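Colleague: missing the sequence, but the structure's below:
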């Protein structure tokens, strides 16, 4: 006759996580054996109530990470300095910045191995192919919506089944069940060996299977759909959309981030209410000239007088920006025409930034003033105001000393 199996644990079910958490301290107060909880989903903080210490997996991951770091960095150092000290364009053999990517990869790789196998072998002590909990009636509730608390036997200590049952009944446990030790659990060291053998067989089988697949299908590409990916060409057609165009217009009312659309679209009105926020400085003139020569010169001419550079086949008549009407209109008018267009001139809002449009306005005003300079302008050009002359005099006074310092620095170099 076979010996009766020993009781390994007594388990009770609870209807909610709160009932389980409330029952654990009461059980620990009277039962001094091993206690384990089973839940259908993680219950945060339950490990503290159970008195479970901090896991060793974190330290294993840290150790494996340092091991991978030293192995990766050391291997590269040995290869480039000892095994194969090749000359790459005169670069040093110990080029440690180039070692960082491989070092990072080996650190992450060994850390991942440490996390997985540390959790399986150290924390959970797997493989455990036939845990007795799997054959109980309680497992159906645990894997759905019920919570279990088990008083388990400790190694080398006689398990008091009656005392464990009494404790669980006292805290309100229901559907109490006795779990007996499985025959396979007492198999000693054979179980880990079986797990290792199964893993080795799976690896060998996978390798041989892949070898046969490659032998029969040597040109099989694993990602054929990547070769057939549809690519939308710029200005290309697309039958998916009703208009047949592949490029889509922005959604109506779309506003670019960081920019506010003008509430006025009439250049005449913009000229009356808008003020140029850009000061007419030399930097503004320089930028305005560059933008003007890129976008405006071909039609309006280098002097903005309407002398177009474009060929005679162009039927439009560019505006003369030196006309009295344009001079009298506000800066917002020129800005509005650039933004929204006028007559045969198209809108440049998408091609020229709003700040650059104001720089162009400053440059156009400078061209207007240069072409029709007043006597005051000529006097200002020939005889700058006294404050400006005084500043210039101070700057010129320090110029010989600065030039001498630069000459001395050049001599030392």
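Modeller: Yes, it's here. Since the structure is predicted, the reported quantities are computational estimates derived from the model, not experimental observations.
Colleague: All the strands of the protein, residue numbers only.
Modeller: With strands called from DSSP state E, the chain shows them at 7-14, 34-38, 147-152, 174-180.
Colleague: Okay, now the sheet partners of the third one, with direction.
Modeller: For strand 147-152, the paired strands and their directions (DSSP bridges) read strand 7-14 (antiparallel), strand 34-38 (antiparallel).
Colleague: Most tightly packed of the ones you listed?
Modeller: The highest mean neighbour count among these, using mean count of other CB atoms under 10 Å, belongs to strand 7-14: a mean of 23. From N, CA and C alone the C-beta is placed, and that goes for glycine too.
Colleague: pLDDT of that one, averaged?
Modeller: Per-residue pLDDT over strand 7-14 has a mean of 84.
Colleague: Contacts for it, please.
Modeller: Contact with strand 7-14 is made by 20, 23, 36, 38, 132-133, 136, 138, 141-142, 146-153, 159, 161, 164-165, 168-169, 171-181, 185, as judged by CB atoms under 8 Å, 6 or more residues apart in numbering.
Colleague: can you give me the angle it makes with strand 174-180?
Modeller: In terms of direction (axes from the mean of the first three to the mean of the last three CA atoms, to 10 degrees), strand 7-14 departs from strand 174-180 by 160 degrees.
Colleague: circling back: could you redo the strands paired with strand 147-152 as TSV and give each row distance to residue 254?
Modeller: Converted to TSV, the strands paired with strand 147-152 look like this (distance: least, CB to CB, whole Å):
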stretch	distance to residue 254
strand 7-14	55
strand 34-38	54
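Colleague: for these, which one sits closest to residue 99?
Modeller: Residue 99 lies closest to strand 34-38 among these, at 46.4 Å (CB to CB).
Colleague: Can you list the buried residues in stretch 99-106?
Modeller: Using 16 or more other CB atoms under 10 Å as the test for burial, stretch 99-106 gives 99, 103, 106.
Colleague: Please tell me how far the residue lying closest to the second one once chain neighbours are set aside sits from residue 176.
Modeller: To tie it back to what came earlier, the one meant is residue 103. Closest residue to residue 103 apart from its sequence neighbours, by CB to CB, 6 or more residues apart in numbering: residue 72 at 4.2 Å. In this view, residue 72 and residue 176 are 54 Å apart by CB to CB, to the nearest Å.
Colleague: With neighbour numbers in mind, choose between the two.
Modeller: residue 72 (22 against 15; other CB atoms under 10 Å).
Colleague: Now do the contacts for that one.
Modeller: Counted by CB under 8 Å, 6+ apart, residue 72 has contacts 99, 102-107.
Colleague: Narrow those residues to those in helices?
Modeller: Among those, the ones falling in helices (DSSP state H) are 99, 102-107.
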